[in-house]
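Trainee: My questions concern the predicted model and sequence given below.
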Amino acid sequence: MTKEEYIRELRARISHLPKEEQESALRYYMEYLEDAGDRPMEQIIEELGTPQQVAERIIADCDQSAVEEKSAHTGCVLGTLAVVTSPVWLLVLFVAGILGATLLFTIALLIFVFGVVALALIGVGIWSLTLYPATGIAVLGGALICAGLTLLCVALFWWAAGAVKSVWRTIRQRKSV
């Protein structure tokens, strides 16, 4: 195989690549063959590999650079998109934070109110039992209902606090990535 045949076969095997990639690769291998001088072609093929092997390396390098270029482009697009849409999603995050804090505050307030009402009704119920037994029993029943609602609100508070904590952790993990 002559140097011209080697280059011709290499050109045929990489013909589907973009023109810049083809020209760059062919220019490199033509210079390599010219620099080889008078050495036998068998020795050059042994160093470089067959045209098929060289073409496979060129195609692999071209694919690798295309993937790197695409990932850089994707990162650029995502960064631009994040900056452009930041007024919207920052506002949504702010509103979600305010809603979470308001929910926790409201539940804590309900716990306090139901607890105070339950204690007051227990006191009034015991006092009413001595004067008006039927009313005292009804008031003690109301006290038990308020105590049950207090316990229900405590459970709801722990659940809501866990949900807010989970959402916050998710946001922080995504921010760090």
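Mentor: Arrived safely.
Trainee: low-scoring stretches of this protein, by residue?
Mentor: Applying pLDDT under 70 to the chain flags residues 63-72, 175-177.
Trainee: For the strand or helix carrying residue 129, enumerate the helices and strands it packs against.
Mentor: Using DSSP states H and E, residue 129 maps to helix 51-131. Here helix 51-131 touches helix 3-13, helix 19-36, helix 133-176, going by 3 or more CB pairs under 8 Å, 6 or more residues apart in numbering; DSSP states H and E. C-beta here means a position set from N, CA and C on the backbone, and glycine is covered the same way.
Trainee: what does the domain assignment say about the chain?
Mentor: Using automatic domain parsing, the domain ranges for the chain come out as 3-75, 86-176.
Trainee: Same list, those domains, but as CSV with mean neighbour count please.
Mentor: Listed next are the domains of the chain as CSV, based on neighbours: other CB atoms under 10 Å:
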stretch, mean neighbour count
domain 3-75, 13
domain 86-176, 14
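Trainee: Quick check: residue 173 vs residue 165, distance?
Mentor: Computed as CB to CB, to the nearest Å, the residue 173 to residue 165 distance reads 13 Å.
Trainee: what touches both of these two?
Mentor: Between them, residue 173 and residue 165 share no contacting residue under CB atoms under 8 Å, 6 or more residues apart in numbering.
Trainee: tell me the contacts of residue 174?
Mentor: Per CB under 8 Å, 6+ apart, neighbours of residue 174: none.
Trainee: Also residue 124?
Mentor: residue 139.
Trainee: ok, now residue 125?
Mentor: With CB under 8 Å, 6+ apart as the criterion, the residues that contact residue 125 are 136-137, 139-140, 142-143.
Trainee: again, only using 10 Å
Mentor: Counting by CB atoms under 10 Å, 6 or more residues apart in numbering, residue 125 touches 135-144.
Trainee: Skip the chain neighbours and tell me the closest residue to residue 118.
Mentor: residue 146 (3.7 Å; CB to CB, 6 or more residues apart in numbering).
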